[in-house]
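Chemist: Kindly generate the corresponding structure for this input.
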Amino acid sequence: MNPLILLFLLGLITYFIVQRVAVVTRSPVWLLWLVAMAPAIVSSGWVLAKGKPMPSQTILILSGVCLLLYWFLIQRNRLSPPPVNSAAVDGQEQPATLPKEAVSVPASPRPIDKAEETSLQNCFPWSIYYLQNVEYRPQAVICRGQLRSKPEVAYQTIQENVAEAFGDRFYLVFQEGVNQKPFFVLVPNPRSQTGVEAASLPAAKQKETINRPFLALGLFVATFFTTTLAWLDLEKKAAQLSPAILVTGLPYAVTLMAILGVHELGHYLAARRYKIKATLPYFIPVIPIPLFPFGTFGAFIQIRSPIPNRRALFDVGIAGPLSGFVVALPLLLWGLAHSDVVRLPEKLEAFNFQALDPSFSILLALLSKLTLGSALTTGFGLNLHPVAVASCLGVIVTAFNLMPVGQLDGGHIVHAMFGQRAGAAIGQIARFLLLALSFVQPHLLVWAILLFLMPATDEPALNDVTELDNRRDLWGILALGLLLIIILPMPSALGKLLNL
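Modeler: Take a look at the predicted model:
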């Protein structure tokens, strides 16, 4: 039954990921989901039919074929405009993916009428942005010309002019074309109170409730219970439930929820700083099972309004991982100092917290040696304290979120640092590098598969042209460096130096 439970959970996660991808293609969600899940379904059927795992080579070949088919289904039926600004029509580049909030209204034949064209042209002062061409699309107005001032000055000036002429009817998006020439896009605002689009929206959509404190509190309480129960399951005490036994699970539960909660709180506070609408942090409880015994799938917030610029995108993206890591690091050091050194078994298992080999991560190896010193030598591992177990999981969650792919925190960071197209290219390379690394670190294979199911392109900010300052670029490089020392195994030379 356990493989079936794992298959169900994996299918649920995959469905939510595929749903996000399906907005850029006409291929049905069920077909994309079936192709993405095919390796897991076939391998589970193999185990049930033959009573032994499918050969790893067969799984790799099947996974590769399914990933290619998954990519083919998306590309063949891709909707226009494409998510990456790499195509051209009649020699003109197309706008990149627009913010979700900016494209959620029904398309109309012409966003503005002919009488408003003069007002639109007057929004572009020739000394700021010399307007040369206006293209009308069913869901956007594309304005091309020559930038004659700093990008931030141009965006602020033209945004104010558009707001004065059209109220809140449009979002103004500023993007860079394939020819390195910035252009503006006006897209209907689904929450407009002045345009006709708002009248066509349901009343519930216009009065959308962002924060649901009772839901957030309920999920928090449920996750606190499931994470407490998870430690009892890890310690084989779940069958002896009593108040005294439940207390033993509190160090694990409190530590893990503190790291995850502070991570999401970092995102939330950064979003509030830039007046971006965002939900409260929501935890995801899960009843612990042998194949997923951790008690939670993590936590998340939802952004409900467009990101104003790349600086805000960077700050919101990096605030979560850094906040969570700042909490996780001292807790991990304390937990390691209170862990026991044990001899490693001949057959090592991933995430065996009773005999963990610290060399699977550069960061863990360094911190373990720092806290335990000469007591930890070659051939020995760690029987982790519950605080150390939760902290390790928190650090692993931080690393996954820092992967520079799509709408993960790392995807936001590289997008803000290098631009949307370069960020998407980095994401593609990162996915293949992680897949290659999974041959050395098999526990990363699930990560690699999940990353291939995610869209590689992040949504643009409204002002997606203005670059970051040097200070933020440095923080971005440090964040990516943190990712590397978490996921990369300890080099043999460093192991010899540390006597591990």
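Chemist: which SS class is Q132?
Modeler: Reducing the assignment to helix, strand or coil with DSSP: H, G, I helix; E, B strand; the rest coil, the entry for Q132 is strand.
Chemist: Can you tell me how far it is from W126?
Modeler: Using Cβ to Cβ, to the nearest Å, Q132 is found at 10 Å from W126. The C-beta positions use only the backbone N, C-alpha and C, and glycine is treated the same way.
Chemist: Check S149 too.
Modeler: S149 sits 11 Å away from W126 when distances are taken as Cβ to Cβ.
Chemist: Looking at the two, which has the bigger crowd around it?
Modeler: When neighbours are counted by other Cβ atoms under 10 Å, S149 comes out ahead of the other of S149 and W126, with 14 against 10.
Chemist: Setting aside sequence neighbours, what's the nearest residue to the more buried one?
Modeler: Residue nearest to S149 in three dimensions, not counting chain neighbours: I128, with 4.9 Å by Cβ to Cβ, 6 or more residues apart in numbering.
Chemist: Assess the claim that the one you found and R148 are in contact.
Modeler: Yes: here I128 lies in contact with R148, judged by Cβ atoms under 8 Å, at a distance of 6.1 Å.
Chemist: What does the pLDDT read for E459?
Modeler: Per-residue confidence for E459 comes out at a pLDDT of 85.
Chemist: same question, the one 10 residues further on
Modeler: Note for D469: predicted pLDDT of 92.
Chemist: who touches it in this structure?
Modeler: Contact analysis of D469 by Cβ atoms under 8 Å, 6 or more residues apart in numbering lists R311.
Chemist: let's go with 10 Å and repeat that
Modeler: Under the criterion of Cβ atoms under 10 Å, 6 or more residues apart in numbering, the contact list for D469 reads 311, 314.
Chemist: Over to it: give its phi and psi.
Modeler: The phi and psi values for D469, taken as degrees, to the nearest 10, are phi -80, psi 170.
Chemist: lowest-pLDDT helix or strand in the chain?
Modeler: Between all helices and strands in the chain, the lowest mean by mean pLDDT, DSSP states H and E belongs to strand 88-89, at a mean of 35.
Chemist: residues of stretch 29-42 that come out buried?
Modeler: Counting neighbours by 16 or more other Cβ atoms under 10 Å, one finds that the buried residues in stretch 29-42 are 32-40.
Chemist: Out of those residues, which is nearest to S492?
Modeler: P39 (32.3 Å; Cβ to Cβ).
Chemist: Show me what the host helix or strand of that closest one is packed against.
Modeler: Following DSSP states H and E, the helix or strand that holds P39 is helix 29-50. Secondary structure elements in contact with helix 29-50, counted by 3 or more Cβ pairs under 10 Å, 6 or more residues apart in numbering; DSSP states H and E, are helix 2-21, helix 56-76, helix 445-453.
Chemist: What are the buried residues along the longest one?
Modeler: By that I understand helix 56-76. For helix 56-76, the neighbour count (16+ other Cβ under 10 Å) marks 59, 62-63, 66-67, 70, 73-74 as buried.
Chemist: can you redo the residues you listed as CSV with pLDDT and distance to I158?
Modeler: Listed next are the buried residues of helix 56-76 as CSV, based on pLDDT from 0 to 100; distance: Cβ to Cβ, whole Å:
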residue, pLDDT, distance to I158
I59, 69, 53
L62, 76, 52
S63, 72, 47
C66, 77, 46
L67, 73, 42
Y70, 77, 40
L73, 76, 39
I74, 73, 34
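Chemist: Turn the residues you listed into CSV, columns for distance to V414.
Modeler: Putting the buried residues of helix 56-76 into CSV (distance: Cβ to Cβ, whole Å) gives the following:
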residue, distance to V414
I59, 30
L62, 31
S63, 25
C66, 27
L67, 22
Y70, 23
L73, 26
I74, 21
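Chemist: What is the nearest of those residues to F283?
Modeler: Within the buried residues of helix 56-76, proximity to F283 (Cβ to Cβ) peaks at Y70, which comes in at 30.0 Å.
Chemist: can you list contacts of stretch 210-226?
Modeler: By Cβ under 10 Å, 6+ apart, the residues outside stretch 210-226 that reach it are 230, 233, 246, 249-250, 253-254, 256-257, 260-261, 268, 277-288, 294-299, 301-302, 304-305.
Chemist: Figure out how far it is from the centre of its chain.
Modeler: For stretch 210-226, the separation from the chain centroid amounts to 21 Å (computed by Cα atoms, centre = their mean, to the nearest Å).
Chemist: Equivalent analysis for stretch 329-342, please.
Modeler: With Cα atoms, centre = their mean, you get 29 Å for stretch 329-342.
Chemist: Would you mark the buried spots in that stretch?
Modeler: Of the residues in stretch 329-342, 329, 331-336, 339 count as buried by neighbour count, 16+ other Cβ under 10 Å.
Chemist: Return the subset of these lying in helices.
Modeler: When DSSP state H is applied, the buried residues of stretch 329-342 are split such that 329, 331-336 fall in helices.
Chemist: Now distance to L434 too, for the residues you listed, in CSV please.
Modeler: Below are those laid out as CSV (distance: Cβ to Cβ, whole Å):
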residue, distance to L434
L329, 23
L331, 27
L332, 23
L333, 27
W334, 30
G335, 27
L336, 26
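Chemist: Now the common contact residues for Q132 and W126.
Modeler: When contacts are counted by Cβ under 10 Å, 6+ apart, the set common to Q132 and W126 consists of 145-146.
Chemist: ranges for the strands of the stretch 151-300 of the chain?
Modeler: Using DSSP state E, counting those that start in this stretch, the strands assigned to the stretch 151-300 of the chain run over residues 170-176, 182-188, 282-285, 296-300.
Chemist: TSV for those, including distance to G406, mean neighbour count and mean pLDDT?
Modeler: TSV is the format used below for the strands of the stretch 151-300 of the chain (distance: least, Cβ to Cβ, whole Å; neighbours: other Cβ atoms under 10 Å; pLDDT from 0 to 100):
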stretch	distance to G406	mean neighbour count	mean pLDDT
strand 170-176	18	24	91
strand 182-188	21	24	91
strand 282-285	19	19	88
strand 296-300	14	20	86
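Chemist: Would you mind putting these into JSON lines with distance to Y15 alongside?
Modeler: Output for these, formatted as JSON lines (distance: least, Cβ to Cβ, whole Å):
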{"stretch": "strand 170-176", "distance to Y15": "30"}
{"stretch": "strand 182-188", "distance to Y15": "29"}
{"stretch": "strand 282-285", "distance to Y15": "14"}
{"stretch": "strand 296-300", "distance to Y15": "13"}
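Chemist: Please pick out the residue of the protein most distant from its centre.
Modeler: Among the residues of the chain, the one whose C-alpha is farthest from the average of all C-alpha positions is A115, by Cα atoms, centre = their mean at 43.2 Å.
Chemist: Looking at I128 and R148, which is more packed in?
Modeler: Between I128 and R148, counted using other Cβ under 10 Å, I128 has the larger neighbour count: 20 against 13.
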